[in-house]
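S.K.: for reference, the sequence and a predicted model appear below.
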Amino acid sequence: MLRDASSSAMSPRRRMAAAVLVLMGLLLSSASPAAAAGRGGELKMKHSDGGYSYNRTLAHILVQYASAVYTSDLTSLFTWTCPRCQGDTKGFEMIEIIVDVENCLQAFVGVAPDPQSILIAFRGTQEHSVSNWIEDLFWKQLDVTYPGMPDAMVHHGFYSAYYNTTLRREILESVQWARKTYGRLPINVVGHSMGGALASLCALDLSVKYGSHEVQLMTFGQPRIGNPAFAAYFSEQVPRTIRVTHQNDIVPHLPPYFCYLGQWTYHHFPREVWLHETIIGNVITKNETICDGSGEDPTCSRSVYGRSVADHLEYYGVSLHADSRGTCQFVMVSTNTAYSSTIEVDRTIILARYPQEWHATYWVLRSSPEDKERCEEPRTDENQKRITRCKGLRLVGIARRYAKQDFRIRVTAWRIPAFLIRSRESSNEHCTTNWAEETDKISLMV
């Protein structure tokens, strides 16, 4: 039972939450292998992983990216100097960070040195809202038919978060640019919690576009996202998949799986790797069990009644939750200027190091004369607009405006984030910029 430490008496909302969790426990018990015995056999699923197998070293590297994407300081994340951007991920080159403020979503795309690949990471639910999100997750319905698969159904919340927001468009463009710039590198997609669900949909999307041999997926503590038909289709399209679960993590048990409901129940896709401990006397043994190809192996995480939030927030000893508390809070400057879902920036902030086009109406910042040696020669993009790319940390001066209509502000630089902001009105008085000499002190206010 979840308790509010700030109050000795339970509020009506907390009493309701407690009742919901108790009901969840009862229903999860009915969905367990023991309860399912005698009610019919398990659903069978054909699965071929194409020879792809679990790599523990790779998992220890990828979980660090799944942790780093929770970083709220976008400047340190973009420059890969954040506390979670160290260790085995050293040398990672960020290409783009996408923050959907309205839906509290965050993802990034970059190039990893080891394993050399294009890497995409999705953030999960903010820590302060995990309990409420888990309660909501229990009741999610299968209510969207996945395109091209008449029998495959998913929940609209997961589907919309990837397909109907800025995330998909920006990620596909970043991957396309990265493959042109760095060559046809393999693609690794990672995510934790809800980020795992989004990572799964992204991996499926990319596998259809580039081929299943090009894409690898690894998620940590992800929920179920679709029915058995969707799981079978996913397994066929993204065979190079590892879905890691931890001990009694509650989220992989949700939404519930009921084997006797056929296509009207949620079903995990394979292949699960279950991290768990066994205790014999005073000896604690850490185990990593590679599960069968069904997606719902009754001897893995389904063999326990997962009810732990703590197990959900840590994998391989790495913290997987927001680095600061708040309502979808993120910061972009050393002075900790905070942005929230109330900012009118098309409800999306994008930091990118590659050229992008937004209706051919934007500003291009030019460097100061003394920084000329740090910048490449101006070039003309596909829309006949001049762009200067710089390697220095100074970008000062006044931008050149190319259009009088609805506009966006943009910085294009080799090591500096690009800020794409669109005002609601044609007048620039609705958008104010404060430019300092050092880019890590730039603040952007709307």
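M.R.: Structure received.
S.K.: only C-alpha atoms from now on, for both contacts and neighbour counts.
M.R.: Fine.
S.K.: for M153, what are its contacts?
M.R.: Residues in contact with M153 (Cα atoms under 8 Å, 6 or more residues apart in numbering) are L142, D143, V144, T145, Y146, G226, N227, A229, F230.
S.K.: please enumerate the strands of the stretch 51-200 of the chain.
M.R.: 93-100, 105-113, 116-122, 144-145, 153-154, 187-192 (DSSP state E, counting those that start in this stretch).
S.K.: got the angle between the last one and strand 105-113?
M.R.: Read it as strand 187-192. 140 degrees (axes from the mean of the first three to the mean of the last three Cα atoms, to 10 degrees).
S.K.: contacts for strand 187-192 next, please.
M.R.: 62-63, 65-66, 117-124, 196-200, 202-203, 214-222, 320.
S.K.: how about a cut-off of 7 Å?
M.R.: For strand 187-192, contacts defined as Cα atoms under 7 Å, 6 or more residues apart in numbering pick out 62, 66, 117-124, 196, 199, 203, 214-222.
S.K.: excluding covalently adjacent residues, which one is nearest to P228?
M.R.: H267 (5.1 Å; Cα to Cα, 6 or more residues apart in numbering).
S.K.: and if you look at V304?
M.R.: In space, V304 is closest to N248, 6.7 Å off (Cα to Cα, 6+ apart).
S.K.: now do the helices in the protein.
M.R.: Counting by DSSP state H, the chain has helices at residues 12-30, 33-36, 56-68, 74-78, 130-138, 156-163, 166-182, 194-210, 228-237.
S.K.: closest to V273 out of those helices?
M.R.: helix 56-68 (10.0 Å; Cα to Cα).
S.K.: who does the closest one touch, helix- and strand-wise?
M.R.: strand 116-122, strand 187-192 (3 or more Cα pairs under 7 Å, 6 or more residues apart in numbering; DSSP states H and E).
S.K.: name the helices or strands packed onto the longest one?
M.R.: Okay, so that is strand 116-122. Taking 3+ Cα pairs under 7 Å, 6+ apart as the contact cut, strand 116-122 packs with helix 56-68, strand 105-113, strand 187-192, helix 194-210.
S.K.: now the angle from it to helix 166-182?
M.R.: 170 degrees.
S.K.: what do you get for the shortest one?
M.R.: Between strand 187-192 and helix 166-182, the angle comes out at 150 degrees (the same axes, to 10 degrees).
S.K.: strand 187-192 pairs with which strands?
M.R.: strand 116-122 (parallel), strand 215-220 (parallel) (DSSP bridges).
S.K.: can you pull the contacts of the residue nearest to P228?
M.R.: With Cα under 7 Å, 6+ apart, H267 has these contacts: R224, G226, N227, P228, A231, Y257.
S.K.: count the neighbours of the residue nearest to V304 for me.
M.R.: Neighbour count of N248, defined by other Cα atoms under 10 Å: 23.
S.K.: now do K140, the pLDDT please.
M.R.: Note on K140: pLDDT of 76.
S.K.: phi and psi next, for it.
M.R.: phi -60, psi 140 (degrees, to the nearest 10).
S.K.: roughly how far does it sit from P298?
M.R.: Going from K140 to P298 by Cα to Cα, to the nearest Å gives 23 Å.
S.K.: got it, and Q263?
M.R.: On the measure of Cα to Cα, Q263 and P298 end up 18 Å apart.
S.K.: over to M194?
M.R.: 23 Å.
S.K.: compare the two (neighbour count), which wins?
M.R.: Higher neighbour count among M194 and P298: M194, with 27 against 16, using other Cα under 10 Å.
S.K.: now for that one: which residues touch it?
M.R.: G124, T125, Q222, P223.
S.K.: same list (those residues) but as a markdown table, adding distance to T89.
M.R.: Output for the contacts of M194, formatted as a markdown table (distance: Cα to Cα, whole Å):
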| residue | distance to T89 |
| --- | --- |
| G124 | 19 |
| T125 | 22 |
| Q222 | 22 |
| P223 | 26 |
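S.K.: now which of those would you call buried?
M.R.: For the contacts of M194, a burial check counting by 16 or more other Cα atoms under 10 Å picks out G124, T125, Q222, P223.
S.K.: what's the spacing between the closest residue to the second one other than its chain neighbours and N248?
M.R.: For T125, ignoring the flanking residues on the chain, the nearest one in space by Cα to Cα, 6+ apart is M194 at 6.1 Å. Applying Cα to Cα, one obtains 17 Å for the distance of M194 from N248.
S.K.: also P270?
M.R.: From P270 over to N248 (counting by Cα to Cα), the distance is 18 Å.
S.K.: can you pull the contacts of I134?
M.R.: So I134 contacts nothing (Cα under 7 Å, 6+ apart).
S.K.: ok, it to V101 distance?
M.R.: 21 Å.
S.K.: out of the helices of the chain, which gets nearest to G293?
M.R.: Of the helices of the chain, the one closest to G293 (Cα to Cα) turns out to be helix 228-237, at 9.3 Å.
S.K.: so where is the stretch 101-250 of the chain shaky, pLDDT-wise?
M.R.: For the stretch 101-250 of the chain, applying pLDDT under 70 flags the ranges 127-132.
S.K.: which residue, other than its chain neighbours, is closest to T289?
M.R.: W274 is the one closest to T289 (Cα to Cα, 6+ apart), at 5.1 Å.
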